[in-house]
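Student: Need the 3D shape of this:
(chains A, B, C and D)
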There are 2 protein chains.
Amino acid sequence: MTGQVRTVDGRVAGRRGQATRQKLLDCLAEMLSSSPYRDVKVIDVARKAGTSPATFYQYFPDVEGAVLEIAEEMAKEGAGLTELVSGRSWVGKAAWQTSEDLVDGFLDFWRRHDAILRVVDLGAAEGDKRFYKIRMKILNSVTNSLTDAVKELQAKGKVDKEVSAAAMAGSLVAMLASVAGHQKGFTTWGVKQAELKPNLALLVHLGITGKKPVR
Amino acid sequence: MTGQVRTVDGRVAGRRGQATRQKLLDCLAEMLSSSPYRDVKVIDVARKAGTSPATFYQYFPDVEGAVLEIAEEMAKEGAGLTELVSGRSWVGKAAWQTSEDLVDGFLDFWRRHDAILRVVDLGAAEGDKRFYKIRMKILNSVTNSLTDAVKELQAKGKVDKEVSAAAMAGSLVAMLASVAGHQKGFTTWGVKQAELKPNLALLVHLGITGKKPVR
DNA sequence: ACTTGTCCTGTCATGCCGTCAGCTTACCGA
DNA sequence: TCGGTAAGCTGACGGCATGACAGGACAAGT
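Tutor: Residues are numbered from 1 along each chain as shown, chains lettered A, B, ... in the order given. Here you go, the predicted structure:
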């Protein structure tokens, strides 16, 4: 696929090298969960990994570069989110189930990767194409499936033609991503997870099918 | 309101002092729009403002502190977003108009303050209560109004009782905020502003009233 | 001109960044 | 077994940002 893993100065990384590289990535990921992105320093990551800053720079151009690596890894897993939508039914009771499963899967994925997703989100919002691409990779896996679903329903005459399938799918996915990113915020504000999920599912259902769900 | 503006070491800032302070804030805001948050350095802000780093530290404890100041300022303006919802009708054709206006106003506000809102969003997602509070202040102004709207419709029996008004309003507002924050992303991906807005309005309408809009 | 309080900056110690030369370690073929 | 070679790591260094302070510049009133 991408050939071998290489150091910044072009060497091919061997067993040991890949191990330390991975350890650095792991430590970086951990730091991102525990301290603000702005305060994550190379020296801290290196210390945590029991190595020196110079070693870090052997494998990554800078913190951002390493973050991209982690994000790329996560994006691979994220591509699997397609399963939540593709091949699922958007008719009758099944549609409600599909909506619920989508919301569940989405929130869960976000919770597992919240730290790195925060940074990806920021990078994308700041206009960095590399981060934007990764964000797309994850969201598109769902967005495209949803877009198809809407188009299909439109073809059957079950949804208004004037609805832009892409815009609708994109908006819904953006909503899921945003809510997922602020899950803690919602709960401290007084909205419980238990009531959040059904409402998100309701909105998804409404957006895709244009109708109230049959439960 | 908050008494006088004070320097870090407790002095009261006079006319001239407040001017440079403001200039520093303006320059910081400008920097935030043009370069990644992580790379914004005190020295650059000071240079841009035609002053020295030491001056910056007279008025702010650090970059984050100054950002909070700007955010606070913006939040005051953001409180005015309530107007987009409160006292508006959610029945018949008027409801569609209300939805459209809300979306318009929201996207516009976000576009005008996108840089600072990005940082606030990040801070909030990272769990910083100060940023979280500011984000709440802005979003709540809309969320609360929307919550009331839903509750009112529920009281009239026009919306299912099982819908959690708060969760619904919160989700919709989160969606608006997220889409607003990635407006550029949407356009480069091929979704035009022109089709994005009506679809958002449609989702808002569906979420609040539970019905398709009458246009 | 002098005083007073506000305002700004030169300077300095500290600490992180990013790079390099050079040392150690692992692998491999003879 | 023994070099030879490439991989792997680090100490050390110049450069820059940070944050604190003391002292100089400035405006306003007397």
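Student: Now do the same contact list for the residue of chain A found nearest DNA strand D.
Tutor: At 2.4 Å from DNA strand D, residue A:17 is the closest residue in chain A, using Cβ to the nearest atom of the strand. Just so you know, the C-beta spots here come from the backbone N, C-alpha and C atoms, and that holds for glycine as well. Going by Cβ atoms under 8 Å, 6 or more residues apart in numbering or on different chains, residue A:17 touches A:5, A:7, A:11, A:59.
Student: Is it part of a helix or strand, or is it coil?
Tutor: helix (DSSP: H, G, I helix; E, B strand; the rest coil).
Student: quick revisit: let's have the contacts of residue A:17 in a markdown table, adding distance to DNA strand D, pLDDT and neighbour count.
Tutor: What follows is the contacts of residue A:17, written out as a markdown table (distance: Cβ to the nearest atom of the strand, whole Å; pLDDT from 0 to 100; neighbours: other Cβ atoms under 10 Å in any protein chain shown):
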| residue | distance to DNA strand D | pLDDT | neighbour count |
| --- | --- | --- | --- |
| A:5 | 8 | 79 | 15 |
| A:7 | 6 | 83 | 15 |
| A:11 | 4 | 78 | 12 |
| A:59 | 8 | 94 | 21 |
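Student: Just the ones of the residues you listed in strands?
Tutor: Using DSSP state E, no member of the contacts of residue A:17 sits in strands.
Student: Contacts only, for the residue nearest the centre of chain A.
Tutor: Centroid check for chain A by Cα atoms, centre = their mean gives residue A:138 as the closest residue, at 5.2 Å. If you count contacts by Cβ under 8 Å, 6+ apart, residue A:138 has them with A:74-75, A:78-79, A:81.
Student: try it again with 7 Å
Tutor: Residue A:138 makes contact with A:75, A:78, A:81, according to Cβ atoms under 7 Å, 6 or more residues apart in numbering or on different chains.
Student: Assumed it was part of a helix.
Tutor: Yes: counting by three-state DSSP, residue A:138 is part of a helix.
Student: Now do it against chain B, distance only.
Tutor: Noted for residue A:138: a distance of 13 Å to chain B, by Cβ to the nearest Cβ, to the nearest Å.
Student: Which residue ranges make up each domain of chain A?
Tutor: Following automatic domain parsing, chain A resolves into domains at A:1-61, A:72-209.
Student: Buried deepest among these, which one?
Tutor: Ranked by mean neighbour count, these are led by domain A:72-209 with a mean of 19 (mean count of other Cβ atoms under 10 Å in any protein chain shown).
Student: distance between that one and the chain's centre?
Tutor: 10 Å (Cα atoms, centre = their mean, to the nearest Å).
Student: Quick one: name the residues of chain A near DNA strand C.
Tutor: In this structure, chain A approaches DNA strand C at residues A:14-16, A:41-43, A:53-54, A:57, A:61-63, judged by Cβ under 7 Å from any atom of the strand.
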